[in-house]
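> coordinates only, no sequence provided:
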């Protein structure tokens, strides 16, 4: 079995958010959090900002277009008005960032570059031992019992760390890297179509929770593609669960979109199964089809001695001749 560990390690590096983009994300979220935490009104409400989302869980992939800042108000609960809470946060950010701050349904997006990178600020109040964010539909913000929606993104981060303890590949937790590979495959083949990366991440979590074995990333990725394809085929009768809340994932994706993604992963799982049985050049060629590319190029590198079609490149015989047959420089 060709598991190509070196090529998988390189592929994971190529989909990692690193270098200047990682540094940019750190600088941006620290700037926004400092602004929020120095506001007099927000401090009266017990403001406490934390990172959430794929950036916090380390499950995001290149280019890493946003960072989520969860803005907790420790002295407020769901008796507070979503309109007032959101209004204070939005007012502070739009006053400081002006047209770079764009109010969303229940968050504020702050643009930090022309390539789409942004920081999303989400306000939250206490809901017993969890947190609640404003409902997506603003028409229920006044008086409705549904005006706040319970969430627990910090718990999801904890569960991610726990899931990454085993199985391991060469002493490295395998869950988080496999999530990134799954996100990359979805992004390359489905683009902006739904369901998006978080849904696939939760389906991957479900697969690992039910037991995933393998000694290499090749084996684990192939098994996960198959498991997630099967799981997506059952969500109409057995909804995907948000493990942090123990409830069905919301909002429920369109069944046609889920079916299309299930078919995609089923096909990719078949390709991955063939890769596990192929020689190293053909295996790399097949893994390239599964992972696709990003703006850095093809995600999965070819091993030395392999060409773009998955064939072994014949070794070049050294020419020991002299005179007119010697190698010469370019003129």
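Here it is on my side, so go on. Keep in mind that this is a model prediction, so the values were computed, not measured.

> just checking, what's the longest strand in the protein?
Assignment by DSSP state E gives strand 66-77 as the longest strand of the chain.

> list the helices and strands that strand packs on?
helix 19-37, helix 40-44, strand 47-52, helix 53-57, helix 82-97, strand 118-127, helix 153-163 (3 or more C-beta pairs under 8 Å, 6 or more residues apart in numbering; DSSP states H and E). Just so you know, the C-beta spots here come from the backbone N, C-alpha and C atoms, and that holds for glycine as well.

> how about residue 273, nearest residue that isn't a chain neighbour?
Among residues not flanking residue 273 along the chain, residue 222 sits closest, at 6.0 Å (C-beta to C-beta, 6 or more residues apart in numbering).

> what's the answer for residue 102, then?
Residue 102 sits nearest to residue 109 (C-beta to C-beta, 6+ apart), 4.7 Å away.

> quick one: contacts of the helix or strand where the one you found lies?
Using DSSP states H and E, residue 109 sits in strand 108-111. Defining contact as C-beta atoms under 8 Å, 6 or more residues apart in numbering, one finds that strand 108-111 is touched by 28, 32, 66, 89-90, 93-94, 97, 100-103, 117-121.

> buried ones among these?
Buried subset of the contacts of strand 108-111 (neighbour count, 16 or more other C-beta atoms under 10 Å): 28, 32, 66, 89-90, 93-94, 97, 101-102, 117-121.

> run the chain-centre distance for the helix or strand containing residue 261.
In the assignment (DSSP H and E), residue 261 maps to helix 255-277. Offset of helix 255-277 from its chain centre (C-alpha atoms, centre = their mean, to the nearest Å): 19 Å.

> ok, residues contacting that helix?
By C-beta under 8 Å, 6+ apart, helix 255-277 touches 1-3, 185-186, 189-190, 193-195, 200, 218-219, 221-222, 225-226, 228-229, 232-233, 235-236, 282-283, 286-287, 289-290.

> now, which of the residues you listed lie within helices?
Within these, residues falling in helices by DSSP state H are 185-186, 189-190, 200, 218-219, 221-222, 225-226, 228-229, 232, 282-283, 286-287, 289-290.

> for residue 172, grab phi and psi.
phi -110, psi 130 (degrees, to the nearest 10).

> tally of neighbours for it?
Residue neighbour count, defined by other C-beta atoms under 10 Å, stands at 12 for residue 172.

> got any ranges where the chain has weak pLDDT?
316-331 (pLDDT under 70).

> spatially central residue for it, please.
residue 60 (3.2 Å; C-alpha atoms, centre = their mean).

> what helix or strand does it sit in?
Going by DSSP H and E, residue 60 is not in any helix or strand.

> what does it show for phi and psi?
The phi/psi pair for residue 60 (degrees, to the nearest 10) is phi -80, psi 160.

> where's the closest residue to residue 201 other than its chain neighbours, which helix or strand?
The shortest distance from residue 201 to any non-neighbouring residue, by C-beta to C-beta, 6+ apart, is to residue 179 (5.2 Å). Secondary structure assignment for residue 179, by DSSP H and E: helix 175-190.

> show me what that helix is packed up against.
Looks like helix 175-190 contacts helix 5-14, helix 153-163, helix 197-209, helix 217-232, helix 255-277, helix 280-291, strand 293-294 (3+ C-beta pairs under 8 Å, 6+ apart).

> for the closest residue to residue 293 other than its chain neighbours, give me phi and psi.
Using C-beta to C-beta, 6+ apart and skipping the chain neighbours, the partner closest in space to residue 293 is residue 299 (5.8 Å). Backbone torsions for residue 299, taken as degrees, to the nearest 10, come to phi -70, psi -40.

> residue numbering should commence at 21 henceforth.
All set: I'll call the first residue 21, so the last point we hit is now residue 319.

> residue 319 and residue 309 touch, don't they?
No. Using C-beta atoms under 8 Å, residue 319 is not in contact with residue 309, being 10.6 Å away.
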